[in-house]
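Undergrad: Have a look; sequence and predicted model below, questions after that.
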Amino acid sequence: MKFFVDTAEVSEIRALAELGMVDGVTTNPSLIAKSGRNMAEVIAEICTVTPGHVSAEVTATDYEGMLAEGRFLRGIAENVCVKVPLTEAGLRVCRTLTDEGTPVNVTLCFSPVQALLAAKAGATYISPFVGRLDDLAQDGMQLIADIVQIYGNYPNLTTQVLVASIRHPLHMAQAAKLGADVATLPPAVIRQLIKHPLTDRGLEAFLADWKKTGQSIL
Ligand code: E4P
């Protein structure tokens, strides 16, 4: 399973890359706004931190505008993956960019049939948003299960399921159990995955006992 980091904060990406937990990065217009930086500059910098796909999202909503933005974003670096929303124009742009050899991440997916359309449009990734469905008292993980099942029925569909809008470690565990290809996580959630109170307590006890021996390994 690939781990993508869902942020435009370069220092966070760098730190997690050192931990070996960054197979790629996802950004969106809200994350770029939060970074306070110029989009092209920050995407270019992120692309030097990881060789994996870095999703950069278009903001035009018509076919021509999205296509022009997508081509510009792809020109920033070889590992840019163009992110387009799941709209009619977005699906059309997905097909055009895919045919040009550009990887495309189709975002804002909230139904299994939307995911089927993205796969038919040749998307490299489909991004179903689990947290935002949970927020509406709908089962976000059921959407992942449905997409994994549908894609599994048609082995010619090569689109990877990229679980997005992950809010906590349970989402991650469920996504992995369902066999999702990728999860994109906020840095804080990646750190939460590491932590367990019994790990901390166990380490504390081991170190206290070790101190009593008066030994040192080196
Ligand atoms: C994914 O590509 C999106 O940027 C992200 O996961 C959205 O998460 P949110 O619902 O927490 O904003």
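TA: Here it is on my side, so go on.

Undergrad: List, one by one, the residues from the protein near the ligand.
TA: Remark: the part of the chain in contact with the ligand comprises 6, 26, 28, 107, 127, 129, 131-132, 164-165, 184, using Cβ under 6 Å from any ligand atom. Yep, even glycine has a C-beta here, placed from its N, CA and C like the rest.

Undergrad: The biggest helix by length in the chain: which residues count as buried?
TA: Ranked by residue count, the top helix of the chain under DSSP state H comes out as helix 197-213. Using 16 or more other Cβ atoms under 10 Å as the burial criterion, none of the residues of helix 197-213 qualify.

Undergrad: CA atoms only: put that helix into CSV for me.
TA: What follows is helix 197-213, C-alpha atoms only, in CSV (Å, rounded to 0.1, in the frame of the first residue of the first chain):
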residue,chain,number,x,y,z
PRO,A,197,0.2,3.9,24.8
LEU,A,198,1.4,0.3,25.5
THR,A,199,4.5,0.9,23.3
ASP,A,200,5.3,4.0,25.4
ARG,A,201,4.6,2.2,28.7
GLY,A,202,6.6,-0.9,27.6
LEU,A,203,9.6,1.1,26.6
GLU,A,204,9.6,3.1,29.8
ALA,A,205,9.6,-0.2,31.8
PHE,A,206,12.3,-1.7,29.7
LEU,A,207,14.5,1.4,30.1
ALA,A,208,13.9,1.5,33.9
ASP,A,209,14.9,-2.2,34.3
TRP,A,210,18.0,-1.7,32.0
LYS,A,211,19.2,1.2,34.2
LYS,A,212,19.2,-1.1,37.2
THR,A,213,21.7,-3.5,35.5
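
Undergrad: quick check, distance from stretch 198-207 to the centre of its chain.
TA: Averaging C-alpha coordinates over stretch 198-207 and over its chain gives two centres that are 33 Å apart (Cα atoms, centre = their mean, to the nearest Å).
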